[in-house]
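A.B. asks: The amino acid sequence is not available; the structure is as follows:
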């Protein structure tokens, strides 16, 4: 293997591990919030100003056209709805079942995209 290929593989493994850790951490934070009696919507909504500030700080310039802003608003609303559903699933079914279903919901489309389109 070339050095470039090894680095690409190592970065892929790193991002896979980070993805797994973050999905488990999100579930644990939801469960912790539930135990303390916190509000799902407030916890989820706090994510947006933090993400905006981090995006501005890391990019330095966030100039978007109206099409990109419209898409960002639509994706943000869908993201908000999905996290509300995820929080309720954790409350009702527990962490293990919710995280497993969440991972499978990504594994199936990724596997199909590899098989069908070779991506």
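C.D. replies: Right, received. Where do you want to start? What you see is a predicted model, and the numbers here were worked out from it, not measured in a lab.

A.B. asks: Contacts only, for residue 75.
C.D. replies: Residues in contact with residue 75 (CB atoms under 8 Å, 6 or more residues apart in numbering): none are found. Using the backbone N, CA and C atoms, a C-beta is placed for each residue, glycine as well.

A.B. asks: mind checking how far it is from residue 9?
C.D. replies: Using CB to CB, to the nearest Å, residue 75 is found at 30 Å from residue 9.

A.B. asks: Need the mean per-residue confidence for the longest helix anywhere in the chain.
C.D. replies: Longest helix in the chain by number of residues, with DSSP state H as the criterion: helix 3-36. Mean pLDDT, helix 3-36: 80.

A.B. asks: Okay, angle between the helix or strand in which residue 89 is found and helix 3-36 too, please.
C.D. replies: Per DSSP states H and E: residue 89 is located in helix 66-93. Compare the direction of helix 66-93 with that of helix 3-36 by axes from the mean of the first three to the mean of the last three CA atoms, to 10 degrees and you get 60 degrees.

A.B. asks: How far away from the center of its chain is the helix or strand that helix 66-93 is followed by?
C.D. replies: Where DSSP H and E defines the elements, the next helix or strand beyond helix 66-93 is helix 95-117. Relative to its parent chain, helix 95-117 has a centroid offset of 13 Å by CA atoms, centre = their mean, to the nearest Å.

A.B. asks: What are the buried residues along helix 95-117?
C.D. replies: Under the neighbour-count criterion of 16 or more other CB atoms under 10 Å, helix 95-117 has 98, 99, 102 buried.

A.B. asks: Determine the set of other helices and strands touching that helix.
C.D. replies: helix 3-36, helix 66-93 (3 or more CB pairs under 8 Å, 6 or more residues apart in numbering; DSSP states H and E).

A.B. asks: if I look at residue 9, how far off is residue 81?
C.D. replies: 35 Å.

A.B. asks: just to revisit the earlier point, and the longest helix of the chain, what other elements does it pack with?
C.D. replies: Using 3+ CB pairs under 8 Å, 6+ apart, helix 3-36 is in contact with helix 40-45, helix 66-93, helix 95-117.
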